[in-house]
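**Student:** Starting from these lines, generate the structure:
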Amino acid sequence: MGLFETVLHDAPAAAASPAPSPEEAYVTVLVGAAACDGVVSPVEVARLNDIFRSTRLLNGGPDVALQPLVSRVMAEMEAHGAGPVVALAATAVPEKLRAPAFAAAVDLVLADGQAVPAERRFIDELQRLLQIGDEVALRIVDVMLVKNSA
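**Tutor:** All right, here's what the predicted structure looks like:
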């Protein structure tokens, strides 16, 4: 804790929030991926909904069941910034779901057919946060580039 936080009894933003559940962590990573360039396109929203419906972790539930969770994640990102919220969430993604979360994030970034610099930086940082090795990350990106080229 910094000097001002000690004197003013303010907690750092990242510490103010408890560690997210695996479901919330997964959703946070994906919402962060969709929003990392500052614009969530209709194609990204559709892809996000497809991923949510098809993810066993989220029980394939309807979008309505996920809406409160997505709203909570977005409020956290607005309050504390997307970077710290995604970083905290990445640590809470269970190890067996890290590669799938990374793959889904890459898929979202490429959903509109391109990866702008902000999206590329996000994916690079997410790879580091999720501790995805270079070989696995390259395979995932290669597959998602093929998937999204059609």
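**Student:** contacts and neighbour counts: CA atoms only from here.
**Tutor:** Noted.
**Student:** From residue 119, how far out is residue 39?
**Tutor:** With distances taken as CA to CA, to the nearest Å, residue 39 is found 11 Å from residue 119.
**Student:** And the two? Which one has more around it.
**Tutor:** Higher neighbour count among residue 39 and residue 119: residue 119, with 23 against 9, using other CA atoms under 10 Å.
**Student:** Local confidence estimate at that one?
**Tutor:** On the pLDDT scale, residue 119 is placed at 93.
**Student:** hang on, isn't it packed against residue 108?
**Tutor:** No: contact criterion CA atoms under 8 Å: residue 119 and residue 108 do not qualify, at 9.7 Å.
**Student:** Mutual contacts of the two, please.
**Tutor:** residue 33 (CA atoms under 8 Å, 6 or more residues apart in numbering).
**Student:** gap between stretch 24-36 and the chain center?
**Tutor:** 2 Å (CA atoms, centre = their mean, to the nearest Å).
**Student:** which residues touch that stretch?
**Tutor:** With CA under 8 Å, 6+ apart, stretch 24-36 has contacts from 40, 44-45, 48, 69-70, 73-74, 82, 85-86, 89-90, 92-93, 101, 104-106, 108-109, 118-119, 122-123.
**Student:** Could you rerun that using 6 Å?
**Tutor:** Residues from elsewhere that reach stretch 24-36, judged by CA atoms under 6 Å, 6 or more residues apart in numbering: 40, 73, 86, 89, 92-93, 105, 108, 119.
**Student:** And it, what's buried?
**Tutor:** 24-36 (16 or more other CA atoms under 10 Å).
**Student:** got the contact list for residue 90?
**Tutor:** By CA under 6 Å, 6+ apart, the neighbours of residue 90 are residue 130.
**Student:** Can you check which helix is longest in the chain?
**Tutor:** Taking DSSP state H as the criterion, the chain has its longest helix at helix 63-80.
**Student:** after that one, next one along is what?
**Tutor:** Next in sequence after helix 63-80, counting helices and strands by DSSP states H and E, comes helix 82-92.
**Student:** What distance do you get for the spatially most central residue of the chain to residue 80?
**Tutor:** Most central in the chain under CA atoms, centre = their mean is residue 29, positioned 1.3 Å from the mean C-alpha point. Residue 29 sits 15 Å away from residue 80, going by CA to CA.
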